[in-house]
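Engineer: coords below, sequence missing:
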């Protein structure tokens with residue numbers, strides 16, 4: 001049986017995603033001393049507003065232990081605050097502090113700059129092809145949306 005891992009599409013997609021992610025992570029790690037789970041939690045809260053840890057996990061496809069560590073780290077940096085649910089004391093709502101919103105705003109600029117850099121590497125035609133391919137995969141394989149719509 002002939003099988004080459006390096007040509008297996010799921011492997012290639014994962015490798016490409018990891019390369020892109022690592023390159024961006026190096027930028028925010030150097031500037032903000034932030035881990036990938038912290039960035040993902042910060043980005044979810046910045047994009048969608050107040051959420052629970054469970055919602056952050058569902059939105060970012062992170063395991064609850066990673067979410068918990070990221071939330072704790074963001075809280076220690078004073079970028080996130082917790083509030084107890086008035087109806088169910090087991091639930092905590094999480095939201096960015098003013099400092100967290102400022103960092104999120106800076107991260108959006110960094111993310112957009114990085115996205116432009118990647119688009120330049122691919123060229124217009126390559127970017128359009130990639131976007132079309134990703135859209136096709138997402139349309140065919142995506143489970144019903146669990147994600148929240150971004151806040152206005």
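Structural biologist: In hand now; what should we look at? It should be emphasised that the depicted structure is a prediction, and the values quoted were computed from it without experimental measurement. Numbers count the residues shown, from 1 in each chain.
Engineer: residues contacting the residue nearest to the spatial centre of the chain?
Structural biologist: Centroid check for the chain by CA atoms, centre = their mean gives residue 40 as the closest residue, at 3.6 Å. The neighbours of residue 40, taking CB atoms under 8 Å, 6 or more residues apart in numbering as the test, are 56, 60, 62, 70. In this view, the C-beta of every residue, glycine as well, is placed from N, C-alpha and C.
Engineer: try 7 Å this time
Structural biologist: 60, 62 (CB atoms under 7 Å, 6 or more residues apart in numbering).
Engineer: distance of it from residue 17?
Structural biologist: Computed as CB to CB, to the nearest Å, the residue 40 to residue 17 distance reads 13 Å.
Engineer: in the chain, which spans are strands?
Structural biologist: In the chain, the strands defined using DSSP state E lie at 80-84, 92-96.
Engineer: JSON lines for the ones you listed, including mean neighbour count, distance to residue 104 and mean pLDDT?
Structural biologist: JSON lines is the format used below for the strands of the chain (neighbours: other CB atoms under 10 Å; distance: least, CB to CB, whole Å; pLDDT from 0 to 100):
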{"stretch": "strand 80-84", "mean neighbour count": "14", "distance to residue 104": "10", "mean pLDDT": "93"}
{"stretch": "strand 92-96", "mean neighbour count": "18", "distance to residue 104": "6", "mean pLDDT": "96"}
